[in-house]
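Engineer: I need the structure of the sequence given here:
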Amino acid sequence: MATVKQATSIDYSGDWRVDSLLSETLIDWNYLTPARDCLYFTFDLGSEIVKAAGSSQLSPFTGPQKNAAYRILTHAAELTGIRFIEITDPAVADLHFATGNLLGADLAGLCRTSYAYTYTANDILTGFSGDAFVFLDNQEFSRQTANPTPGSPGYEYLLHEIGHALGLGHPFEGAYPLPARYDNTANTVMSYTDQGGHYDQFRPFDRLALDWIYGRDGLGGSYGFNSWNGPTLTPPEGSLEHRFTAANDEILDGLGPEWLNGLGGRDTLICPGELARYRISHQGDAYYFVEDLQGWAGKDLIDGIEKISFSDYDINLTVQSAARNMAPADLMLLEELYLAFFNRTPDASGLEYWIGRQQSGTSLDAIADSFYAAGVEAGDLTGYHAGMTPADFINKIYQNVLGRSEGADPQGLAYWSAALAEGKASRGALVKDILQSAHTFKADPDWGWVADLLDNKAQLANLLAVEMGLDYPSPEEAIRQGMAIAAAVSPDSIAPALALIGIAPETLAL
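Structural biologist: Just a heads-up that it's a prediction; the model follows:
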């Protein structure tokens with residue numbers, strides 16, 4: 001167990017390139033207690049950063065400044081193995097970003113840090129937390145900091161301040177200052193002596209120091225400070241696999257490429273932004289790649305994770321496995337029951353639930369009856385109600401299933417009404433029979449379009465729920481969007497319905 005002395009002192013390496021950059025005044029994130037493998041960052045202004053700045057005259061980072069911070073933190077993640085996760089609660093964040101009029105005409109950037117800890121009578125840490133506040137000047141240096149693109153002075157200023165946030169000091173201030181001839185930005189971006197242009201990545205001495213502090217395998221890894229093996233100047237490349245627990249974990253996606261293993265339970269990876277920003281592909285038997293097409297979250301390898309959540313949709317990664325256990329004809333019929341009773345395409349998790357019920361011995365007739373009961377319960381949306389006459393019920397099925405807005409023809413109405421009256425079928429089972437009958441009209445000169453419409457709806461239902469694993473943010477959204485999607489299908493095409501999703505199926509290769 002770590003002690004106060006370990007958390008607040010420096011373990012020097014004996015290599016002057018590294019030791020010149022180590023500072024006792026900066027935070028050692030390896031001692032966070034309770035331990036975690038990530039650092040939270042925010043661009044939201046809270047009382048914490050106002051207090052650290054000593055001024056309320058602060059402004060949030062602009063879009064270009066945020067992009068620079070994302071890029072630098074992604075670079076830092078690749079070097080250290082730390083997971084950097086954006087949040088909106090300043091009270092929880094570790095790293096805070098803002099712009100302001102920094103005191104001093106020659107001050108382009110600033111990083112202020114603070115930490116606090118609790119301990120036992122034997123000096124054993126029981127709690128350790130910290131904050132790093134990164135500022136860019138928006139007055140004297142506004143021309144350089146307004147749009148800090150890689151290779152520009154403003155970008156290097158921000159890189160320098162994030163270096164402080166990660167524990168790197170100035171090479172001329174510590175117990176072991178760099179010899180003057182090495183104290184330049186070609187060796188370390190923490191220097192004040194420019195050499196060789198403006199840098200957009202940490203330099204050789206910086207990387208060596210970050211290796212010593214973090215061991216390339218992040219917080220709580222096998223190397224670096226407060227680790228099992230301790231710090232080393234030559235840490236192995238390692239796998240950078242982040243393992244979670246056997247519980248139902250909610251895992252926040254960090255910057256840069258990661259390997260995330262959910263282990264047991266039913267785990268959810270929460271990704272920032274909309275689904276259209278990502279590409280998901282299957283890798284081997286149990287692995288998936290989740291790639292951020294904008295680049296900030298990188299290309300993650302995930303294992304043992306059952307759901308991926310985005311701001312607009314969720315992706316169910318287990319529904320395909322469930323669907324493979326069901327006969328194709330039964331699966332299609334189950335999907336069509338959604339269309340018949342709710343006039344909507346199924347959501348993946350709902351479909352997976354009913355597949356499980358069928359696999360556990362519930363008949364499709366019984367499932368159809370359950371759908372009918374649910375349809376009556378949601379009558380405002382489905383049009384079903386408990387007091388429907390047989391004729392009303394059959395007309396509604398014709399409208400939903402067969403696309404016939406006028407309802408059933410006299411012959412069909414009489415036939416199916418008789419089946420109900422004679423007790424040959426329950427209302428749920430009757431719908432199943434009507435679905436199966438509709439397919440027999442394929443290529444019929446008068447009613448072939450009915451079979452084509454049902455086929456297209458069934459094709460789309462399977463594409464969205466099984467092949468794409470698409471879920472919605474809430475049950476209400478599943479109904480609302482599913483109905484709109486189903487209504488956009490025609491006997492000739494599913495393209496207008498797919499356009500409502502806004503997701504290209506090829507970006508979800510599950």
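Engineer: quickly run through the sheet partners of the lowest-mean-pLDDT helix or strand in the chain, with directions.
Structural biologist: Lowest on mean pLDDT, DSSP states H and E among the helices and strands of the chain sits strand 241-243, with a mean of 76. Strand 241-243 pairs in its sheet with strand 259-261 (parallel), by DSSP bridges.
Engineer: centre of the chain to the strand it pairs with, how far?
Structural biologist: 13 Å (CA atoms, centre = their mean, to the nearest Å).
Engineer: would you mark the buried spots in it?
Structural biologist: Buried residues in strand 259-261, counted by 16 or more other CB atoms under 10 Å: Leu260, Asn261. Yep, even glycine has a C-beta here, placed from its N, CA and C like the rest.
Engineer: so where's this structure shaky on pLDDT?
Structural biologist: Applying pLDDT under 70 to the chain picks out residues 55-56, 238-240, 284-285.
Engineer: nearest residue to the middle of it?
Structural biologist: Nearest to the mean C-alpha position of the chain, counting by CA atoms, centre = their mean, stands Cys271 at 1.2 Å.
Engineer: in contact with that one, which residues?
Structural biologist: Each residue near Cys271 by CB atoms under 8 Å, 6 or more residues apart in numbering is listed here: Asp253, Tyr278, Val290, Asp292, Ala297, Ile308, Ser309, Phe310.
Engineer: tally up the residues packed near the second one, please.
Structural biologist: Other residues lying near Tyr278 total 25 when counted by other CB atoms under 10 Å.
Engineer: what are the boundaries of the helices in the stretch 251-400 of the chain?
Structural biologist: For the stretch 251-400 of the chain, the helices defined by DSSP state H, counting those that start in this stretch occupy 319-323, 328-342, 348-359, 364-377, 379-382, 390-402.
Engineer: give me the contacts around the shortest one.
Structural biologist: Where contact means CB under 8 Å, 6+ apart, the residues beyond helix 379-382 that reach it are Phe341, Phe342, Asn343, Gly375, Val376, His385, Ile479, Met483.
Engineer: can you put the contacts of Cys271 in CSV and add distance to Glu335?
Structural biologist: CSV is the format used below for the contacts of Cys271 (distance: CB to CB, whole Å):
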residue, distance to Glu335
Asp253, 31
Tyr278, 25
Val290, 26
Asp292, 31
Ala297, 32
Ile308, 22
Ser309, 23
Phe310, 23
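Engineer: between those residues, which sits nearest Pro179?
Structural biologist: Using CB to CB, Ala297 is the member of these that lies nearest Pro179, at 40.3 Å.
Engineer: burial of the closest one, as a residue count?
Structural biologist: 27.
Engineer: would you mind measuring from it to Glu86?
Structural biologist: 10 Å (CB to CB, to the nearest Å).
Engineer: what's the overlap in contacts for those two?
Structural biologist: Common neighbours of Ala297 and Glu86 (CB under 8 Å, 6+ apart) are Leu255, Pro272.
Engineer: what helices or strands is the lengthiest strand in the chain leaning on?
Structural biologist: Of all segments of type strand in the chain, defined using DSSP state E, the longest is strand 125-137. Here strand 125-137 touches helix 4-8, helix 47-53, strand 95-100, strand 109-119, helix 153-165, going by 3 or more CB pairs under 8 Å, 6 or more residues apart in numbering; DSSP states H and E.
Engineer: this completes my enquiry, with thanks.
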